[in-house]
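# How does the following fold in three dimensions:
(chains A, B, C and D)
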There are 2 protein chains.
Amino acid sequence: MEDVAREAGVSGQTVSRVVNARGYVGAATRERVEDAMQRLGYRPNSAARALRSGRFRAIGVIMFSFSSYGNQRTLDAIAVRASQMGYALTLIPVESSARDTVAGAFRRLEEHAVDGIIIVIEAHQLDEAEVEIPDGLPVVLVDSNRGATHPFVDTDQAQGARLATEHLLDLGHKTVWHVTGPAKSYSAERRRESWRQTLESRGVVAPEPLQGDWSAESGYRAGLRLRDDEAVTAVFAANDQMAIGVVRAFREAGRDIPGDVSVVGFDGLPDAAQLWPPLTTVQQHPEKVGALAVDALLAELDGGERIQTPLVGTELVVRASTASPRS
Amino acid sequence: MEDVAREAGVSGQTVSRVVNARGYVGAATRERVEDAMQRLGYRPNSAARALRSGRFRAIGVIMFSFSSYGNQRTLDAIAVRASQMGYALTLIPVESSARDTVAGAFRRLEEHAVDGIIIVIEAHQLDEAEVEIPDGLPVVLVDSNRGATHPFVDTDQAQGARLATEHLLDLGHKTVWHVTGPAKSYSAERRRESWRQTLESRGVVAPEPLQGDWSAESGYRAGLRLRDDEAVTAVFAANDQMAIGVVRAFREAGRDIPGDVSVVGFDGLPDAAQLWPPLTTVQQHPEKVGALAVDALLAELDGGERIQTPLVGTELVVRASTASPRS
DNA sequence: GCGCCGTGTGTCAACGTCAACATATTCGAT
DNA sequence: ATCGAATATGTTGACGTTGACACACGGCGC
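Numbers count the residues shown, from 1 in each chain, chains lettered A, B, ... in the order given. From the prediction side, this is the model:
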């Protein structure tokens, strides 16, 4: 900066004013300074800035390593929005939900240079890790509301599950089986409860849900337990991956999809449309979730006021994996 | 820091020595200082550190937004390794390959606080964007070698494609069709050339490859063009997603996989094993690639010496989507 | 002609840390 | 007893930036 000032024949402070477009600077001076910056390839030093201002213009994201496709998309959206807003994005991976691993992530975070953080970890897993979120640091939660001690952004899981379940009932299926996500997942819980309520509100008895863990393999295992029961004609899997496994199980047993059994997923994986059969699914919008999370965090940072965003909606995408039951 | 020093009755310098475990500090003093740090919840200020040392202990990653699953996994691995090595990870998303978008990413990067960067963008796309990589900043390339002006880390694409092609030939297929990735992808090119060479080295004429773009949908379109040709009994898709689309196309036409046609993918998507049929694929190891990329970058940062890592190997995973042709 | 305001620019200090140097103490070897 | 090395701690200044303040100039109203 000093070099630029010398080159332009002004003081360092004036350079600073030009860079930040703050205060009064004569037009001619501004030009000379800008020229000098160009010539010398000047870039403001962010460390010094941060030191002076106490702001880093960076936000941290904490999420599990090997995360789901949806979370990856959310991360992506967060990165894009942060970048648009002139913020850098620091990623802090958490390798497992073990207590000290998560706590370690927070510790690392405190040393890192961020103004606020977005946590993309299930509430239940956070609770389990017994981490206290450091206060003084603005936090936005994604996919978890954790007692509303912090603003959160979330998908309307219940709406999606209802759409999926109603679709199957409307096709004429007597009831709908459900393959649920991991027990400690808040999202899984809400999808399951919404499925159950939708059935009950139609006066249908909900069968015992099958436990999965989001993985396609767990969907397959659930499918193995369902496929020999002729009464099963409609399955709602709590995510697309498990739906894939369910389809495999039925197909292996010679039961046709959707001829014998209809299957609905949840997520809207981009490849779901190209599966055989193309999968009916509930389309989520992780890109909206990510953008909203950044907006909510920046609102906390700048204004101090807390904005609570509405739940992000979902849509049912009907494809060839669902049909009316053979009568 | 001053508060800690006062609390422990020592100078700031001694606190610094305790924090960095550098120089001589008496055992009793160390303990007192550590106590004080604990009590006051002291965290070193990374901005001041960076300002003083000129090092940020952060690395930047430039990659395309909406990246492939493989790249996401690579990012994940980079994040984990960086975190292990005590480095923060700053993600700079690039929204499209438009010239100024990529250039903008680099500009943003220069203002960001990173010691080096890992570029996870195809060489061809980088070239197209005509970005010059700022010098003075250590760079490691992933999935692209770009004239070896920088260290790079890459998967042995050629080996993988050869494994896939040989597998199909060994099963007795007369020849192997190929659905290739986008024209400007270096990886796609190498997989295609390796496939061609493998066929030719066995004295088999390589059919015209079908153009895809990595998406499942493009695989489906390629499949549509192949499925009516009875001579087609073996297809090697340049990635798993396109393989999914190919399978769909054949299945729709009533041609069985693997009964009538064998299909091999490339990537090793975790769900490939649960597809119907489970997909034979070439397993990549993005986690190794990511870790090696960080190691190579840190080597440049610390030692200044350049390490060139060997190509990361792949393995063929044989599943139910491939079989010998009906004789 | 005087004081005041708006404009343009410079000086100084401080943000938190750590390298370099200075100082003080202890201990063993001569 | 003396010296030097090893150990232990303190003092100072600089990293690059910017907020606070000071200063200088011209124009306007009275």
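# quick one, helices of the stretch 51-200 of chain A?
A:69-84, A:99-111, A:123-129, A:157-170, A:186-201 (DSSP state H, counting those that start in this stretch).
# Please tabulate those helices in JSON lines, including the columns mean neighbour count, distance to DNA strand D and mean pLDDT.
Placement of C-beta: from N, CA and C, glycine included. What follows is the helices of the stretch 51-200 of chain A, written out as JSON lines (neighbours: other Cβ atoms under 10 Å in any protein chain shown; distance: least, Cβ to the nearest atom of the strand, whole Å; pLDDT from 0 to 100):
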{"stretch": "helix A:69-84", "mean neighbour count": "23", "distance to DNA strand D": "19", "mean pLDDT": "91"}
{"stretch": "helix A:99-111", "mean neighbour count": "17", "distance to DNA strand D": "18", "mean pLDDT": "71"}
{"stretch": "helix A:123-129", "mean neighbour count": "18", "distance to DNA strand D": "36", "mean pLDDT": "71"}
{"stretch": "helix A:157-170", "mean neighbour count": "22", "distance to DNA strand D": "43", "mean pLDDT": "98"}
{"stretch": "helix A:186-201", "mean neighbour count": "20", "distance to DNA strand D": "41", "mean pLDDT": "96"}
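# can you tell me which of the ones you listed comes nearest to A:L279?
When these are compared for distance to A:L279 using Cβ to Cβ, the nearest one is helix A:157-170, at 11.4 Å.
# and that closest one, what does it pack onto?
Using 3 or more Cβ pairs under 8 Å, 6 or more residues apart in numbering or on different chains; DSSP states H and E, the elements in contact with helix A:157-170 are helix A:186-201, strand A:234-237, strand A:262-264, strand A:281-283, strand A:315-317.
# Give me the angle between that helix and helix A:186-201.
Computed by axes from the mean of the first three to the mean of the last three Cα atoms, to 10 degrees, the angle separating helix A:157-170 from helix A:186-201 equals 40 degrees.
# Contacts for helix A:157-170, please.
With Cβ atoms under 8 Å, 6 or more residues apart in numbering or on different chains as the test, helix A:157-170 has contacts from A:175-176, A:187, A:190-195, A:197-199, A:202, A:204, A:234, A:236, A:238, A:262, A:264, A:266, A:280, A:282, A:284, A:311, A:313-316, A:318, A:322.
# My guess is A:T175 contacts A:E208. True?
No: under the criterion of Cβ atoms under 8 Å, A:T175 makes no contact with A:E208, lying 11.4 Å away.
# more crowded one of these two?
The neighbour comparison of A:T175 against A:E208 (other Cβ atoms under 10 Å in any protein chain shown) goes to A:T175, with 18 against 7.
# Please work out how many residues are found near A:A28.
As a burial measure, A:A28 scores 8 neighbours (other Cβ under 10 Å).
# check contacts around the residue of chain A at minimum distance from DNA strand D.
The minimum distance from chain A to DNA strand D, using Cβ to the nearest atom of the strand, falls at A:M1 (2.5 Å). Contact analysis of A:M1 by Cβ under 8 Å, 6+ apart lists A:G12, A:V15, A:S16, A:Y42, A:P44, A:N45.
# The nearest residue to A:R81 once chain neighbours are set aside: neighbour count?
Spatial nearest neighbour of A:R81, chain neighbours left out: A:V294 (4.0 Å); criterion: Cβ to Cβ, 6 or more residues apart in numbering or on different chains. Residue neighbour count, defined by other Cβ under 10 Å, stands at 26 for A:V294.
# and A:V294, backbone torsions?
Taking degrees, to the nearest 10, you get phi -60, psi -40 for the backbone angles of A:V294.
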